[in-house]
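Engineer: quick one, structure for this:
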Amino acid sequence: MKIKVLHNLFIRHNQIDFSKQSIWCIHGFADSGLAYREIFESRLCNDFNIYVVDMPGFGASPLQKEYPSIYQHAEILSKVIAEETVNQQKVNVISHSLGSLIGTWVCRNLKDSINYFFNIEGNLTEADGYFSSKPLKFKSTNHFMESFGREIFEKAILEARYKRYYSSFMLANPKGMLNWSETSQEYTRDNRCGFEFKDLTCNKIYIWGNRDTPLETQEFIEKHELPNKMYKGMGHWHMVENALEFYSDIHTLLGP
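Structural biologist: Numbers count the residues shown, from 1 in each chain. Now for the predicted structure:
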């Protein structure tokens, strides 16, 4: 694994081969690129240029005095992808949770370059904001950090899938988390994010499990006939909980 910093984005990547397509991985709320650690151990790492991003305010990305909106984050990442892949083949995007707003906008911005979009448990309805809306319920970021940190720590004691998330949460900047929470609200209201995903014209698929996906979101998927794949018994972090099968299935969809 190698690292680089482009436009204040910390990026983990493999050895770049200009003859290959790329896969760009975007984390969710209060998370980091650590969520995609296993992709570097998968067959995808041999056949694609892998880029795992820490968005501003999260993971190892450089600290900033002010953070642009979540929509502006998509503009920044779109620029980075366009510059980095100018001499490469097609672009594939994997995004998770609230980060799938960014994934959706990147695919829209770079529609002529996009091959496939994998939306993992991304926000389609207002009900999907069960984590990302939490900062708005507290009087201060300090109160949120204390409460949410305690909640995730207690879950991590009982469930392995929360351990890595807790590690990423501890790396996240409170301002960065509040920024994502505040500036995403207009896009999650009235399920706008779900309709934006539906309207994408690129190859796309929504990945979900029947353990954590809200009923409202399951109904939205069915009603609007979204291309999707459900993993029975899986929760929110498919790339952590079910890494081997998950990355193998992506490899199969993308081909050799």
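
Engineer: from here on, just use CA atoms for contacts and neighbour counts.
Structural biologist: Fine.

Engineer: low-confidence stretches in the stretch 151-256 of the chain?
Structural biologist: For the stretch 151-256 of the chain, the stretches with pLDDT under 70 are 256.

Engineer: one more time with 90
Structural biologist: 160, 255-256 (pLDDT under 90).

Engineer: can you give me the helices for the stretch 101-250 of the chain?
Structural biologist: 141-158, 161-171, 174-188, 192-199, 215-223, 238-241, 243-254 (DSSP state H, counting those that start in this stretch).

Engineer: Asn119: which of these is closest?
Structural biologist: helix 192-199 (8.9 Å; C-alpha to C-alpha).

Engineer: got the angle for the closest one vs helix 215-223?
Structural biologist: Counting by axes from the mean of the first three to the mean of the last three C-alpha atoms, to 10 degrees, helix 192-199 points 20 degrees away from the direction of helix 215-223.

Engineer: what's near enough to touch Tyr206?
Structural biologist: 118-122, 226-229 (C-alpha atoms under 8 Å, 6 or more residues apart in numbering).

Engineer: try it again with 7 Å
Structural biologist: By C-alpha atoms under 7 Å, 6 or more residues apart in numbering, the contact set of Tyr206 is 118-120, 227-229.

Engineer: check Val52 too.
Structural biologist: Contact analysis of Val52 by C-alpha under 7 Å, 6+ apart lists 11-13, 24-26, 33.

Engineer: which two from those residues end up farthest apart in space?
Structural biologist: His13 and Ile26 (12.8 Å).

Engineer: fine by me, thanks again.
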